[in-house]
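Student: no sequence on this one, just coordinates:
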């Protein structure tokens, strides 16, 4: 794990609200749009009967892909832990494993031993 460089983030305080929100037609309500605007959150919500889902889908595929990656972890697919902090720990471990797989796949190096070790936890 020491070989993986740290991920750089922006300096300054962490954000407490999202900068932008993407949603499907199920959230197309004027009071929701007003609520988001009042809080300074930019939104892109598909309108019922106007906007095709293909245009919004260009942005939503990132979320769908990430949820599919999480679904590959049996421990996260069905919540076995009673305590929220245990579930959060396994979620963090799954995120670490997903990032590790992406980095090793990009570099062309396969670290089977570490992957197998972590997968035994799931």
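Tutor: That came in fine, so what should we check first? Being a predicted model, the structure only gives us computed values, none of them experimental.

Student: care to break the protein down by domain?
Tutor: 19-60, 72-122 (automatic domain parsing).

Student: how near is residue 18 to residue 87?
Tutor: The gap separating residue 18 from residue 87 is 22 Å, by CB to CB, to the nearest Å. Using the backbone N, CA and C atoms, a C-beta is placed for each residue, glycine as well.

Student: Looking at those two, which is more packed in?
Tutor: Shown here are residue 18 and residue 87; by other CB atoms under 10 Å, residue 87 has more neighbours (15 against 12).

Student: any idea of the pLDDT on the more buried one?
Tutor: As summarised for this prediction, residue 87 has a pLDDT of 86.

Student: what residue ranges in this structure score low on pLDDT?
Tutor: The chain contains residues with pLDDT under 70 at 1-10, 12-15, 50-60, 106-122.

Student: Quick check: longest helix in it by residues?
Tutor: Across the chain, the longest stretch assigned as helix under DSSP state H is helix 84-107.

Student: for the chain, what spans make up the strands?
Tutor: Secondary structure of the chain by DSSP state E: the strands cover 20-23, 42-45.

Student: Could you list the paired strands of the first one along with their orientation?
Tutor: Paired strands of strand 20-23, with direction, are strand 42-45 (parallel) (DSSP bridges).

Student: can you list contacts of the strand it pairs with?
Tutor: With contacts defined as CB atoms under 8 Å, 6 or more residues apart in numbering, strand 42-45 is touched by 19-25, 27-28, 32-33, 36-37, 56, 59.
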